[in-house]
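Visitor: Coordinates for the following, if possible.
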Amino acid sequence: MRHWAYDYIGLPYADGKNGLAFDGPDSFNCWGWVRFVFRTVKQIEMPVVHIDRYEADFLANRTAIRKVFEQSGWRPVADKKPQEFDISLMSNAYGRHVGIASVANGVMSLVHAIEGEGVSIIPFNDLWMLGYSGITNWRLTS
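Guide: This next block holds a predicted model:
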């Protein structure tokens, strides 16, 4: 069975304007990708998160995303093991990032839109190569 993300792999990254998500269908920023996937694949409308990619206060950006999750019925996964369509929130020295957990070729991976690559898939075990740490997986509760 063909992976739901394969048709989008390689589509370009596009920075949002004024902190808004750039949510396709031809290019994406990271939150825009999450919004697009949940709208088109899962029929769930995710809220807009007003963040600034160049904001010096990365904690404020992370806090804004966490607040949207909590208000929308998403909760952090207690055992930290991602499942298909969990949203992964992480950070590195350059800021925060978000993507969607998914099994690709039998490996738990992150499907995300990232500057320089666009939409791509990376195994969770390789996220350290991008400097990501503090990964929190969020799951929609009923």
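Visitor: Looks to me like R39 is in a helix.
Guide: Yes. Counting by DSSP: H, G, I helix; E, B strand; the rest coil, R39 falls inside a helix.
Visitor: which residues does it contact?
Guide: 23, 45-46 (CB atoms under 8 Å, 6 or more residues apart in numbering). In short, each C-beta sits where N, CA and C put it, glycine included.
Visitor: mind running it again at 6 Å?
Guide: E45 (CB atoms under 6 Å, 6 or more residues apart in numbering).
Visitor: Relative to V119, how far out is it?
Guide: Going from R39 to V119 by CB to CB, to the nearest Å gives 15 Å.
Visitor: what's the answer for L89, then?
Guide: Counting by CB to CB, the gap from L89 to V119 is 18 Å.
Visitor: neighbour count winner among the two?
Guide: V119 (25 against 22; other CB atoms under 10 Å).
Visitor: so which helix or strand takes in that one?
Guide: In this assignment (DSSP states H and E), V119 forms part of strand 118-123.
Visitor: residues making contact with that strand?
Guide: Outside of strand 118-123, the residues within contact range by CB under 6 Å, 6+ apart are 8-13, 104, 107, 109-111, 113.
Visitor: What segments of this protein are helices?
Guide: For the chain, the helices defined by DSSP state H cover 30-40, 58-71.
Visitor: Just name the most buried of the ones you listed.
Guide: Comparing these by mean neighbour count (mean count of other CB atoms under 10 Å), helix 30-40 ranks first with a mean of 23.
Visitor: Run the angle between that one and strand 118-123 for me.
Guide: 90 degrees (axes from the mean of the first three to the mean of the last three CA atoms, to 10 degrees).
Visitor: Take helix 30-40, keep the C-alpha atoms, and write them as PDB.
Guide: What follows is helix 30-40, C-alpha atoms only, in PDB (Å, rounded to 0.1, in the frame of the first residue of the first chain):
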ATOM      1  CA  CYS A  30       6.200  22.900   9.100                       C
ATOM      2  CA  TRP A  31       2.900  24.000  10.800                       C
ATOM      3  CA  GLY A  32       1.200  24.500   7.400                       C
ATOM      4  CA  TRP A  33       2.200  20.900   6.500                       C
ATOM      5  CA  VAL A  34       0.500  19.600   9.700                       C
ATOM      6  CA  ARG A  35      -2.600  21.700   8.900                       C
ATOM      7  CA  PHE A  36      -2.700  20.500   5.300                       C
ATOM      8  CA  VAL A  37      -2.300  16.800   6.200                       C
ATOM      9  CA  PHE A  38      -5.000  16.800   8.900                       C
ATOM     10  CA  ARG A  39      -7.400  18.700   6.700                       C
ATOM     11  CA  THR A  40      -6.900  16.500   3.600                       C
END
